[in-house]
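Okay, structure incoming, though there's no sequence with it:
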């Protein structure tokens with residue numbers, strides 16, 4: 001394992017251990033189960049689990065399940081699968097709902113201490129009285145109600161005797177505070193909705209700022225890592241823990257979230273793409289979700305490498321999606337076996353190759369990794385080549401097949417185009433080519449050279465396949481500017497039904513990754529691909545960073 005790259009959080013953790021502030025570290029990854037995780041969450045996963053791994057500590061996976069209105073077990077299961085697929089395992093699986101009773105009891109303590117009260121203003125009144133960044137808020141008319149009355153009213157909330165929206169429990173801090181988060185924030189609201197973990201046991205649910213810090217403290221988290229938007233919430237995090245008899249007081253540290261160009265990273269917007277049918281689900285290979293990246297063929301090692309490369313800082317920045325694509329490309333270049341595939345086939349008849357004869361050629365599975373072995377590729381009289389590898393009127397610098405011209409068939413012979421057979425509509429039916437049998441690749445005495453080499457497949461043995469060509473979902477680098485719908489790339493998915501692949505791919509397993517030579521990196525679709533029955537391959541990335549930015 002490579003030496004971890006230093007960052008300011010790693011330095012803090014190291015110093016805390018050296019100074020004896022902690023005997024070991026405990027981190028947590030606390031997702032809300034209201035959607036699928038995306039590449040931004042992967043950064044946090046790698047940070048939290050990576051620190052625990054590198055400092056021989058512990059990391060919990062804890063679901064922040066405090067809003068049953070938007071939560072679903074589908075999301076819970078997908079999050080667990082994503083974390084494991086990325087290569088991490090949690091010490092304990094926790095839920096904020098595990099602590100609902102303790103959170104309630106702590107709320108009662110705040111009320112008894114005169115530090116919380118039940119507010120019965122409407123949502124509009126609370127919003128109007130909260131103030132602005134430049135104007136202080138105004139006290140609620142319920143702020144000074146007697147403690148016993150607050151206790152009784154809170155119990156009525158808990159028993160479901162009040163309607164949703166009729167009351168909330170608020171912390172009593174300071175309505176004139178410069179930090180709006182400290183202007184008597186809500187602690188509990190009424191939600192008469194069953195919870196996926198606790199059923200109908202509760203009809204009041206804690207707010208995030210209250211639940212999160214208490215969950216951290218009860219699990220004795222040492223370093224509570226979150227993104228920069230929670231920096232202004234840190235005083236509230238500390239205030240709650242200072243008022244309550246919690247077993248520990250974790251340290252909250254903020255870092256810059258991941259912003260990726262040509263992408264939207266808002267879970268709300270990703271959910272809208274799914275709900276509006278603009279993509280084919282949360283795991284659509286065009287989505288920046290971890291499930292989408294997995295289905296597209298991205299290796300988990302590439303995501304971990306990406307998280308390491310972009311680093312952990314306090315400064316917000318926009319990362320080029322090309323950095324992620326290059327991490328994927330580098331990982332696949334090292335490990336993806338090579339195969340031949342033709343996506344837009346044109347038939348070539350090798351006129352002086354014996355009819356009915358099949359010659360088997362030996363190809364390496366990986367040119368730089370002999371330990372991956374070889375496979376046999378058939379060559380016969382009729383072959384497929386890519387349509388773009390032949391032009392009747394070529395531009396200057398074109399080195400592939402032309403009438404009267406020669407190219408080398410990858411790993412085989414030099415061929416010469418003798419004639420072009422066309423249908424009545426001018427469509428090319430076949431190219432008739434002669435073979436120079438003395439020009440076989442690697443044969444002793446074969447010295448002839450030509451400028452162009454093209455790939456091919458034996459037509460008789462080639463296996464039909466569906467190939468899905470995926471591209472970036474958005475046409476511009478900043479789709480969040482204005483209505484992101486108008487920036488959707490209409491060419492983000494193209495389904496090729498004319499493709500053929502070599503016989504060695506007929507039994508490829510779902511999620512196996514390959515380089516189609518001269519074409520790109522592909523993966524056998526994890527859902528639709530069925531070996532020996534229906535072959536479906538998704539393009540992961542091109543061989544080079546050649547994506548053309550629209551004008």
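In hand now; what should we look at? Keep in mind that this is a model prediction, so the values were computed, not measured.

per-residue confidence at the residue nearest to residue 73 when sequence neighbours are not counted?
Using C-beta to C-beta, 6 or more residues apart in numbering and skipping the chain neighbours, the partner closest in space to residue 73 is residue 196 (5.4 Å). Where you see a C-beta, it was placed from the backbone N, CA and C, and this is true even at glycine. The score at residue 196 is 93. That number is its pLDDT.

And for residue 546?
So residue 546 comes in at 60 (pLDDT).

sorry, back to before: show me what contacts the residue nearest to residue 73?
33, 65, 68, 71-73, 76 (C-beta atoms under 8 Å, 6 or more residues apart in numbering).

Kindly report the same for residue 27.
48-49, 51-52, 57-60, 221-225.

do that again at 6 Å, thanks
Shown in contact with residue 27 (C-beta atoms under 6 Å, 6 or more residues apart in numbering): 48, 51-52, 59, 223.

Make TSV out of those and add pLDDT, neighbour count and distance to residue 454.
TSV is the format used below for the contacts of residue 27 (pLDDT from 0 to 100; neighbours: other C-beta atoms under 10 Å; distance: C-beta to C-beta, whole Å):
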residue	pLDDT	neighbour count	distance to residue 454
48	98	24	49
51	97	24	50
52	98	24	51
59	98	25	51
223	98	23	56
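
Restricted to strands, list the residues you listed.
Among the contacts of residue 27, the members falling in strands (DSSP state E) are 59, 223.

Of the contacts of residue 27, just say which sits nearest to residue 134.
residue 223 (34.3 Å; C-beta to C-beta).

so what's the closest one up against?
The contact partners of residue 223, by C-beta under 6 Å, 6+ apart, come to 27, 251.

which residues are in contact with stretch 272-279?
282, 286-287.

Equivalent analysis for stretch 128-145, please.
117, 119-121, 175-176, 183.

still on that earlier bit, could you turn the buried ones of the contacts of stretch 272-279 into a PyMOL selection?
Typed into PyMOL, the line below selects the buried ones among the contacts of stretch 272-279, using 16 or more other C-beta atoms under 10 Å:
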select buried, resi 282+286+287
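
Could you tell me which of the contacts of stretch 272-279 belong to strands?
Per DSSP E, the contacts of stretch 272-279 never map to strands.

Could you measure from residue 514 over to residue 325?
For residue 514, the distance to residue 325 (C-beta to C-beta, to the nearest Å) stands at 17 Å.

higher neighbour count, these two?
residue 514 (24 against 20; other C-beta atoms under 10 Å).

Can I take it that the more buried one is in a strand?
Yes. The assignment for residue 514, made by DSSP: H, G, I helix; E, B strand; the rest coil, places it in a strand.

Bridged to it, which residues?
residue 522 (DSSP bridges).

distance of residue 277 from residue 292?
For residue 277, the distance to residue 292 - C-beta to C-beta - is 16 Å.

more neighbours, those two?
Neighbours were tallied for residue 277 and for residue 292 using other C-beta under 10 Å; the higher tally belongs to residue 292 (24 against 8).

so after the helix or strand that contains the more buried one, what's the next helix or strand?
Using DSSP states H and E, residue 292 sits within helix 290-296. Scanning forward in sequence from helix 290-296 by DSSP H and E, the next helix or strand is helix 300-310.

Sort out which residues of that following helix are buried, please.
300-308, 310.

What of stretch 456-465?
Applying 16+ other C-beta under 10 Å to stretch 456-465 flags 456-459, 461-463, 465 as buried.

Then stretch 224-243?
Buried, per 16+ other C-beta under 10 Å, within stretch 224-243: 224-226, 230, 233-234, 236-237, 239-241, 243.

Can you tell me which of these end up in helices?
234, 236-237, 239-241, 243 (DSSP state H).

Closest one of the residues you listed to residue 528?
Closest approach to residue 528 among these (C-beta to C-beta): residue 237, at 45.3 Å.

spatially speaking, which residue is in the middle of this structure?
When the chain is reduced to its mean C-alpha position, the nearest residue by C-alpha atoms, centre = their mean turns out to be residue 290, at 2.7 Å.

so it touches residue 84, yeah?
No. Using C-beta atoms under 6 Å, residue 290 is not in contact with residue 84; the gap is 10.8 Å.
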